Structure formats: structure tokens, C-alpha cells
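> with the input below, show me the fold.
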Amino acid sequence: MAAQGGNVSQSPVEDSPAGGPDRRQILGGALVLGVLAGTPLAIWDRARAAQGDGAAASEKLLLTRLADLVVPNTDTAGAVVAGVPAFVEMALIHGLEDTASNAGGDRKRGGLVLLDAVSHDLNRLGRGDFLSLAKDRQFAVLEAYDADAFGADAKDHPWRKIKALILTGYYTSEIGASRELQYELVPGRWEPNLPLPADNRSWSSDWTAVDFG
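Purely as a prediction, here's the structure:
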């Protein structure tokens, strides 16, 4: 799979099996923090205060399932615990990541039309209701869908935008930014040469490492 898109992670809500892929190895660096500063915070605030209209119950279930598959619980809490499904819902409604560009006249739906497309595709690939499939089958279907979405000729694929929002929501949440990633508000002394341990994690406060290209 392309490094930019990466693979989806293993079994949701459960720890990754020994020898299985680690989500920090498969998410891809550019998608993790390559967002405009300030925008995710505004969407988080709206998500916390959201009342009334929004995604349908089935759409909320799908967002929860997808977030769980992309960033499951491991040694740190995953996307669902971090509240990412609500973030993605609000982000879609407000058109973050240019998701509302194809909404047409249905302004209230905004970018949720992309979620409709993803749902249709997953049901087709799974030959049935994606949410009713067994967990291992859901993973296999989403893995194949992910590979197709990040292919060379799929730049406008709806899953690319949904997945980007899931990762943006997680890594701008308190859990993702300070527990999954290492965080130090004020860096300490200058050390020009430090050993790099095998389990080293990226630093969420190191914006010089972000590729916005």
C-alpha cells in the first residue's frame, strides 16, 4: 500500500495481535498532522456543543465502526474513546477537507454525502450490509477499499477524505496528541545527538516535522 494512505489497523477495540501491524507504522506521516492549525479545534468545539440535526443513526454507527477500524484501542485509547466519530460528523456537516463540494442543494447534509458513497461502496464490496458483517470480514473489506482509495488514479475517492478526517480528529484530540504521541509543551535543553529507541513515537509538538506539501 502507498505510504501516504497506509493500511487500516487490525481488529477494532482489541489489542493488535503479536506480529501484526502497528497503527503507528501504517497510518502515514503526512495524514497524521498535515492540517491547518486552528481549524480542528473549532470543529472540536462545535462537535462538543452539537445538538439537533446531524447524521442519521445508521450513519453514526458507520462512523463509529470506521473510526474503530482505522484507530482501534491498543496500548493507548483509540478513536472512539477519543470522540472522533462526533468530530468527523461535525466536520462533514461543515465541509472540512472540502467534503461539501458535492453536496449540491442539500446544504444541511454537507459532506455527509461522501459518507453515503462510502457506505454504498462498502456494502457492495461486502455483498451485504457492512455493519452486519463479522469483524474480520469488515476489516478485510475495508482493507481492500483502502488500497483502492489510495491508488494512483483515485485522487477524488470519498474514503480518502473520510479517513483523513478520522486521523485529523484523533491526532488533534487530547488522547491522540498527548498520549498516543509524545508531547512536551516547552522543550528542554538542546541535545544534538540522542539515541533513537526502537519504540520511539513522533512528537505532536514538533511541527517542523510536518509535511504540508
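> out of the helices and strands in the protein, which is least certain?
The least trusted helix or strand in the chain, going by mean pLDDT, DSSP states H and E, turns out to be helix 29-33, with a mean of 39.
> could you check the pLDDT of the closest residue to Tyr183 other than its chain neighbours?
The shortest distance from Tyr183 to any non-neighbouring residue, by C-beta to C-beta, 6 or more residues apart in numbering, is to Ser204 (5.1 Å). In this view, the C-beta of every residue, glycine as well, is placed from N, C-alpha and C. Looking at Ser204, its pLDDT reads 75.
> what about Ser204, how many neighbours?
Around Ser204 there are 20 other residues, counting by other C-beta atoms under 10 Å.
> from what I can see it touches Gln182, true?
Yes - applying C-beta atoms under 8 Å, one finds Ser204 in contact with Gln182, separated by 7.0 Å.
> excluding its backbone neighbours, what's nearest Ile93?
That would be Gly110: by C-beta to C-beta, 6+ apart, it lies 4.4 Å from Ile93.
> quick check: which ranges of this structure have low pLDDT?
1-53, 97, 101-108, 187, 205-213 (pLDDT under 70).
> helices along that one, start to end?
23-26, 29-33, 39-49, 57-70, 84-93, 112-126, 135-149, 158-171, 174-175 (DSSP state H).
> does the residue nearest to Ile93 touch Met90 like I think?
No - in this structure, Gly110 is not within contact of Met90 by C-beta under 8 Å, at 9.5 Å.
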